[in-house]
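Undergrad: Below: sequence and its predicted model.
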Amino acid sequence: MNATSDVTNIRQEFHDLLMKANKDRPNKTHLEALKDLLYNNKDLELWKTVVGMGELAESQALDTIVNGSGQGMRECWRQRLQAMRSDLGYTESSSLERLLIQQVTLCWLNLNITEYRHTLTRPGAANRRLANFDSYESLVSDSKSPRSPHRKCSNKIEVAENDSTQVRSR
């Protein structure tokens, strides 16, 4: 056997063990075998084939938006997030910067989901679109609207002008 077929066999064994061990109550021998395989083949980085938590969180958030229907909408949002990451320099960034960029786009998505849900609970909200909050500038300009939830929050507290940590109600 050559090295390529060995790696292919290890990857297949990893996949098989992962499927067997990825249950609520896996067989202990399968779980131990998976741990051993990962430990003994660290150089192959087999764990990278499993979706990361950031990707999983993004997928769950997108599923929340479409709620089982509208897969086209889900794909459009996924493309938007990829474009945002690209605009922020994701591919040429360091590992730490990529983690931060992924977190920024996930937070942006969750903010938009929250805004969308909020508009659905208000009368006449059907005309308001989630796309209104696709940038910080539109969020800030919308916050000046008398009906904006952000305006209500900004009127409740004010930081003292002397840069202390005191806050007072308006």
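TA: On my side now, so go ahead. Because the structure is a prediction, the values reported are computed rather than measured.
Undergrad: Domain ranges for the chain, per the record?
TA: For the chain, the structural domains run 3-49, 53-133, 135-170, going by automatic domain parsing.
Undergrad: For those domains, give me TSV that also has mean neighbour count and mean pLDDT.
TA: Yep, even glycine has a C-beta here, placed from its N, CA and C like the rest. Compiled in TSV, the domains of the chain are given as follows (neighbours: other CB atoms under 10 Å; pLDDT from 0 to 100):
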stretch	mean neighbour count	mean pLDDT
domain 3-49	13	91
domain 53-133	13	83
domain 135-170	11	44
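Undergrad: Doesn't Leu62 lie inside a helix?
TA: Yes: when DSSP: H, G, I helix; E, B strand; the rest coil is applied, Leu62 is found to be in a helix.
Undergrad: which residue packs closest to it, ignoring adjacent ones?
TA: Nearest residue to Leu62, sequence neighbours excluded (CB to CB, 6 or more residues apart in numbering): Arg74, at 5.0 Å.
Undergrad: Trp47 now?
TA: Leu38 (6.2 Å).
Undergrad: and the one you found, helix, strand or coil?
TA: Here Leu38 is helix, with the state taken from three-state DSSP.
Undergrad: list the contacts for it?
TA: For Leu38, the contacting residues are 14, 46-47, by CB atoms under 8 Å, 6 or more residues apart in numbering.
Undergrad: now those as CSV including secondary structure?
TA: Shown next, in CSV, are the contacts of Leu38 (three-state DSSP):
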residue, secondary structure
Phe14, helix
Leu46, helix
Trp47, helix
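Undergrad: quick one: the strands in this structure?
TA: 157-159, 167-169 (DSSP state E).
Undergrad: Centre of the chain to the top helix by length along the chain, how far?
TA: If you go by DSSP state H, the chain has its longest helix at helix 95-120. On the basis of CA atoms, centre = their mean, to the nearest Å, helix 95-120 sits 6 Å off its chain's mean C-alpha point.
Undergrad: ditto for stretch 29-37
TA: 30 Å.
Undergrad: List of residues touching that stretch?
TA: 10, 13-14, 17-18, 20-21, 46.
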